[in-house]
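Student: For reference, the sequence and a predicted model appear below.
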Amino acid sequence: MRIFFFFSSRSGRILAVLGTLCLLLLVEQAVSAQTVSNAGSNVSRSGGVWSTYLPLVMQDYVPPAGRLCRFGVGASSDIARYAVNQLRIGWYTNWGTAQHPPRPGGIEYLQMVRLKQIGLDSYVSTPQGGELLAIVTANPGAWWVIGNEPDRRSWQDSLEPRVYARAYHDLYSQIKAADPTARIVAGSIVQPTPLRLQYLDMVLDSYRADYGQSMPVDAWNIHAFILNEVSCTYDPNNCWGADVPPGIDAPYGMRYDIQDNDNLVIFKQFIVDFRQWMADRGYKERPLIMTEYGVLMPEEYGFPPTRVNAYMNATFDYLSTTASSTGYSADKGRLVQAWAWFSLSDRSFNGWLYDPQTGARSAYGDNFAAYTAQITPAVNLQPMRVWAQSALRSTLDGSVTLTLAAEIANSGNISTGQPVTVRFYKGEPGQGGVLIGETQFSALLDGCGAVTTVRFPWPSLQPGVAQVWVEVDSNNAVPEVDEQDNLTSATIVIPRAILRLPLILRQVP
C-alpha cells in the first residue's frame, strides 16, 4: 500500500548527505552572511582624500538573545544552507553525530548515536570506538541521544528492550567516562502510547536485572506522531504507521485513523501520559524533550498548509505554557522543555519549513517564523534548594567549616547572557539576615530549566542550627520575567567537630 511506503522510506532519505554539495553550500552561506550594502554608506573627506565607510550588514542574523531554547527542528546536515535564524530556533538534530557540526547563528546541535540489533542479543552502534570518543571529547557538555526510535520494528533502529538496555548502558558508560559533563538522553520512542510505555518498562526492567540499579537518565526523549499500531504479521493490509514494538508479541496497540494525525486531544494526552510515566518511575525531576513531531500525512490526504499550521500553532501554545505537578520543577512545572518540528526540508512528508530545491521558506516556515517572532526573550532565575555539604574542617577551638551549596535554575527561554551573583545569608535578607558571602557563576546558564550548582565556604561555625537563605541575582543585574522567586532557604545543622582515632589491634602472645 502507498501509505506503508510513505512511512517506511524516511531513514535513507533523511540521512543521505552529499559532502561536496554541503561544503559548497556552507561556503555560499558564509559569504552571503557578510554581504556589504552600499545603501546608506557614509562618505567623509579629510585632507583631500575621500574615504568611504560601508555598514556591515549580516543577512538573516539574529543576536544570541533571539535564539529560543525551546524551539528546534529536525534537519539534514546542510542546515547552514537555510536561513534558519529567521525561525529563532535554539537547537537542531540531524539523526546522527558530528565532530564539528554546523551551528548557524550559534544554535545547539544534539548528537545522536544510531543503533542496530545483530542476532538475538548483540548490537552495533554508529559511531563507535575511537571515532565516538573523538566526537565526545570535541563537544564537551553536549546532549547525546542513544538511538532513534528503537521501538520501531524493521525501520529506524529496531531493538528489543533487553538489547536496547545493554546498548544504553555501554554507551552511557563510554560517553560519561570521556566527558562527565555530557548529558545522556534515553527514549526516542515513536509515540507514548500504552504499548510503547510497556516497551520502555521492559527496558528499565532489563537494565535493573542486568546491572542491579535503575537506568541513569539525564533527560527523556519522545516523538509524538499519531500513528496506527497494527502488527504487519497480524494484518499486513492495514499496518501503516508505527507497527508493534520489537520484543512485544501483540497484534495491535492503538488503532488511529489517518485523520487523527493532527488530533490535538490525542497529542496532549501523549504528553500528560508520558510525564506521569516519568513521575511514577522516579524520573520526575528530569527534562523531557521531543526530537520529532508534526504532521506526516500529505496534503492530498486532507492536510493543506492551513490545517498543518493550525496544528503547529496549537501545539506550540500547549508546549510553551502547560505546567502541572508532574512537570519539571526547574522549568516551573512545564511538561516539555524543548521540541523539534519535523522537518526543516524533507518534502517526503508534510510540514517542511524550507524547499530543499530552492532554499526558499515555505508556508509552514512562514508560520513558524511568525509565531516565534512574537515571543519575548526572557530569563527567569530561581534557587531550587540550598544545603550544606558533608565535608568540614575542624579547628582547635572546636569550630567547623561547612561548604554551602545552592542549585540555581533558569526557566526562561534564553540563556542568562552574563555572570550572575549568588548570595548566602544567615537569616532572611531584608529581615535582619546577615550576609555570609557571595559568589558568581561565570558560565552562561541556558534556559528551559537548565540547572547549575554554586558553592561557598562558611568558616568558624559553632555547633547548632541555622536558617540559611540563598538569593540569586541579588543586585538585579539580569532582567527577569519574575523577580519574586529569587529566594529560598533551608535549615542547616552545624555538627560538632569529632576526633576519630584509628583502632589498632595488637596480637597478644
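Tutor: Happy to help now that I have it.

Student: domain ranges for this structure?
Tutor: 2-46+68-373, 381-494 (automatic domain parsing).

Student: Redo these as TSV? Include mean pLDDT and mean neighbour count.
Tutor: Any C-beta I mention is one placed from the backbone N, CA and C, and that applies to glycine too. Below are the domains of the chain laid out as TSV (pLDDT from 0 to 100; neighbours: other Cβ atoms under 10 Å):
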stretch	mean pLDDT	mean neighbour count
domain 2-46+68-373	89	18
domain 381-494	92	17
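
Student: hang on, Glu371 packs against Ala314?
Tutor: Not Glu; residue 371 is Tyr. No. Look at Tyr371 against Ala314 with Cβ atoms under 8 Å: they stay out of range, at 10.7 Å.

Student: Would you mind listing the residues touching both of those two?
Tutor: Taking Cβ atoms under 8 Å, 6 or more residues apart in numbering as the contact rule, Tyr371 and Ala314 touch no residue in common.

Student: which residues in the stretch 251-400 of the chain form strands?
Tutor: 288-293, 323-328, 334, 338-341, 381-394, 400-410 (DSSP state E, counting those that start in this stretch).

Student: Include distance to Tyr252 when you put those into a markdown table, please.
Tutor: Output for those, formatted as a markdown table (distance: least, Cβ to Cβ, whole Å):
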| stretch | distance to Tyr252 |
| --- | --- |
| strand 288-293 | 22 |
| strand 323-328 | 28 |
| strand 334 | 33 |
| strand 338-341 | 28 |
| strand 381-394 | 43 |
| strand 400-410 | 42 |
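
Student: Asp262 is nearest to which of the ones you listed?
Tutor: Of all those, it is strand 288-293 that lies closest to Asp262, at 10.6 Å by Cβ to Cβ.

Student: Quick one: closest of the strands of the stretch 251-400 of the chain to Asp473.
Tutor: Among those, strand 381-394 sits nearest to Asp473 (Cβ to Cβ), with 5.4 Å.

Student: Can you name the residues in contact with stretch 234-252?
Tutor: Residues outside stretch 234-252 that contact it (Cβ under 8 Å, 6+ apart): 1, 3-4, 6-7, 117, 150-154, 158-162, 190-191, 195-196, 198-199, 202, 225, 227-232, 253, 256.

Student: So which of those residues sit within strands?
Tutor: Among those, the members found in strands (DSSP state E) are Gln117.

Student: and the residue lying closest to Arg281 once chain neighbours are set aside, what does it touch?
Tutor: Nearest non-adjacent residue to Arg281, counting by Cβ to Cβ, 6 or more residues apart in numbering: Leu204, 6.6 Å away. By Cβ under 8 Å, 6+ apart, Leu204 lies in contact with Ala165, Ser214, Met215, Arg281.

Student: quick one: secondary structure of Leu204?
Tutor: helix (DSSP: H, G, I helix; E, B strand; the rest coil).

Student: For the stretch 1-150 of the chain, which segments count as strands?
Tutor: So, for the stretch 1-150 of the chain - with DSSP E, counting those that start in this stretch - the strands run 42-46, 49-53, 68-74, 89-93, 108-109, 111-118, 122-126, 143-146.

Student: Dump the ones you listed to TSV, plus distance to Asp179.
Tutor: Formatted as TSV, the strands of the stretch 1-150 of the chain follow (distance: least, Cβ to Cβ, whole Å):
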stretch	distance to Asp179
strand 42-46	48
strand 49-53	45
strand 68-74	21
strand 89-93	18
strand 108-109	15
strand 111-118	11
strand 122-126	17
strand 143-146	9
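
Student: Out of those strands, the one nearest Ser325 is which?
Tutor: Among those, the nearest to Ser325 by Cβ to Cβ is strand 68-74 (20.6 Å).

Student: Hey, what's the angle from the closest one to strand 400-410? Just curious.
Tutor: Here strand 68-74 runs at an angle of 60 degrees relative to strand 400-410 (axes from the mean of the first three to the mean of the last three Cα atoms, to 10 degrees).

Student: What's the separation between the nearest residue in space to Thr488 that is not next to it in sequence and Tyr283?
Tutor: Nearest residue to Thr488 in three dimensions, chain neighbours excluded: Pro383, at 4.5 Å (Cβ to Cβ, 6+ apart). Plainly put, Pro383 is 23 Å away from Tyr283 if you go by Cβ to Cβ, to the nearest Å.

Student: Nearest to Ile175, out of the contacts of Leu204: which one, please.
Tutor: Nearest to Ile175, judged by Cβ to Cβ, of the contacts of Leu204 is Met215 at 14.4 Å.

Student: right, and the closest one touches Asp205 too?
Tutor: No. Look at Met215 against Asp205 with Cβ under 8 Å: they stay out of range, at 9.8 Å.

Student: ok, the nearest residue to Val73 once chain neighbours are set aside - contacts?
Tutor: Spatially, and ignoring its direct neighbours in sequence, Val73 is nearest to Leu344 (4.6 Å; Cβ to Cβ, 6+ apart). For Leu344, the contact set (Cβ under 8 Å, 6+ apart) comprises Val73, Gly74, Ala75, Ser76, Ile79, Tyr82, Val84, Tyr92, Trp352, Leu353, Tyr354.

Student: now, which of the residues you listed sits nearest Tyr293?
Tutor: Out of the contacts of Leu344, the member with the shortest distance to Tyr293 (by Cβ to Cβ) is Gly74, at 9.2 Å.

Student: ok so, going back, tell me which two in the contacts of Leu204 are the farthest apart.
Tutor: Largest pairwise distance in the contacts of Leu204, by Cβ to Cβ, is 14.1 Å, between Ala165 and Arg281.

Student: At which residues are the helices of the stretch 151-300 of the chain located?
Tutor: According to DSSP state H, counting those that start in this stretch, the stretch 151-300 of the chain carries its helices in the segments 161-178, 194-211, 264-280.

Student: Please tabulate those helices in a markdown table, including the columns distance to Val113.
Tutor: Formatted as a markdown table, these follow (distance: least, Cβ to Cβ, whole Å):
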| stretch | distance to Val113 |
| --- | --- |
| helix 161-178 | 6 |
| helix 194-211 | 16 |
| helix 264-280 | 22 |
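
Student: I'd like to know how far the nearest residue to Gly90 once chain neighbours are set aside sits from Ala388.
Tutor: Spatially, and ignoring its direct neighbours in sequence, Gly90 is nearest to Cys69 (4.1 Å; Cβ to Cβ, 6+ apart). Using Cβ to Cβ, one gets 32 Å for the distance from Cys69 to Ala388.

Student: does Val230 really touch Met254, like I thought?
Tutor: No. With contact defined as Cβ under 8 Å, Val230 and Met254 do not form a contacting pair (9.3 Å).

Student: Okay then, goodbye and thanks.
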